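Novice: what follows is a predicted structure for the sequence shown.
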Amino acid sequence: MRVLVAGASGQLAHADRRTWLGHELFLPEESVLDLSKREAILSVVNEVRPQVLINCAAYTQVDRCESEGDLAHLINATAVGWLAEACEAQGAMLIQISTDYVFDGTGTRPYREDDPTNPVSVYGRTKLAGEQQAARCSRHLIARTSWLYDAWGKNFLNTMVNAANQGRALRVVADQRGAPTTCRALARQLKVAAEEGWQGLVHATCQGETTWHGFAQAIFEAKGMAVDLSPCTTADYPTPATRPAYSVLDGSRRTALGTDLMPHWHEALLDVLRDPC
């Protein structure tokens, strides 16, 4: 398959480079596939003529979205509509990456795909609008994921390890629950999903659940690092954007669609630490 990836500088796109072997991958620089410009999107898609377009690009700075709502909506929603338009013209499948932040976090069981959405942040609202735009493409797969990280890029894993290496005492939130998900696991799942022809909406996170504090504990234990780590509450560190307190996503629909490759979050963490390249 000819596969076009938007957001080439991001951590998920890097995982796609490693994972989508056997397919013809195009990862134009973001200055070329510029999501702020409809003409640039249409031009690149018309030139590449992909069979699959994976949109790994997003405005993901959750707190800055609160003060930069117009920019967040442009990248996370309007641009997705342009991508859908371009894919529709080519008969291509659009794979749109979405987020657990489309839910308000008041639930007590893992959210299913058909549960009502109720985002409580600008980021969540713009990503939900992006889902609606992606669905305009006849062939689409919207994959909601959560807490993305890997050995590369700016993410929780690297932030924790770097802070610990500096000898800092760390306080990490222990009252938000979710599923840490590696980029490489998500990339593998998306590849199989495209090959098997999945369509619609699917939750694509690693299995299991933990808190940010529990995730940090697991990182340091796996690396054999002695760290001054203590739990705190969300209220201890107020932020401009509200985070969902519980955003675990139910993944049972994956097995109904085809091959479910998502590992348990702890197994995925060990895989990253064993193979950091």
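Specialist: Good, I have the coordinates.
Novice: any buried residues in the helix or strand encompassing Val5, and which?
Specialist: In this assignment (DSSP states H and E), Val5 forms part of strand 2-6. Residues of strand 2-6 classed as buried by neighbour count (16 or more other CB atoms under 10 Å): Val3, Leu4, Val5, Ala6. Where C-beta positions appear, they are placed from N, C-alpha and C, glycine not excepted.
Novice: kindly report the same for stretch 190-209.
Specialist: 190-194, 198, 201-207, 209.
Novice: please enumerate the helices of this structure.
Specialist: With DSSP state H as the criterion, the chain has helices at 11-19, 38-48, 62-67, 69-73, 79-90, 122-134, 156-165, 183-196, 212-223, 252-257, 265-274.
Novice: who touches the third one?
Specialist: When contacts are defined by CB atoms under 8 Å, 6 or more residues apart in numbering, helix 62-67 is touched by residues Tyr59, Ala72, Tyr101, Ser121, Val122, Tyr123, Thr126, Thr239, Pro240, Ala241, Arg243.
Novice: for PyMOL, write the select line for the buried members of these.
Specialist: Per 16+ other CB under 10 Å, the buried members of those correspond to this PyMOL selection:
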select buried, resi 59+72+101+121+122+123+126+241+243
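Novice: for the contacts of helix 62-67, which one is nearest Gly251?
Specialist: Proximity of the contacts of helix 62-67 to Gly251 (CB to CB) peaks at Tyr101, which lies at 17.1 Å.
Novice: correct me, but Tyr101 touches Val122?
Specialist: No - using CB atoms under 8 Å, Tyr101 is not in contact with Val122; the gap is 9.9 Å.
Novice: list the buried ones in stretch 150-168?
Specialist: Within stretch 150-168, the residues scored as buried using 16+ other CB under 10 Å are Asp150, Ala151, Trp152, Gly153, Asn155, Phe156, Leu157, Asn158, Met160, Val161, Ala163, Ala164.
Novice: one more: stretch 13-20?
Specialist: Under the neighbour-count criterion of 16+ other CB under 10 Å, stretch 13-20 has Ala13, His14, Ala15, Asp16, Thr19, Trp20 buried.
Novice: how close does the fifth one sit to Gly167?
Specialist: Which is Thr19. Using CB to CB, to the nearest Å, Thr19 is found at 36 Å from Gly167.
Novice: quick one: low-confidence parts of the stretch 101-250 of the chain?
Specialist: For the stretch 101-250 of the chain, applying pLDDT under 70 flags no range at all.
Novice: closest to Gln217 among the buried residues of stretch 13-20?
Specialist: Using CB to CB, the buried residues of stretch 13-20 come closest to Gln217 at Ala15, 24.6 Å.
Novice: can you check the pLDDT for the closest one?
Specialist: Ala15 is assigned a predicted lDDT (pLDDT) of 97.
Novice: likewise Pro276?
Specialist: If you check Pro276, the pLDDT there is 88.
Novice: what's near enough to touch it?
Specialist: Remark: with contacts taken as CB under 8 Å, 6+ apart, Pro276 is in contact with Ala151.
Novice: mind putting the buried residues of strand 2-6 into CSV with distance to Pro276 and pLDDT?
Specialist: Output for those, formatted as CSV (distance: CB to CB, whole Å; pLDDT from 0 to 100):
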residue, distance to Pro276, pLDDT
Val3, 25, 98
Leu4, 27, 98
Val5, 22, 98
Ala6, 26, 98
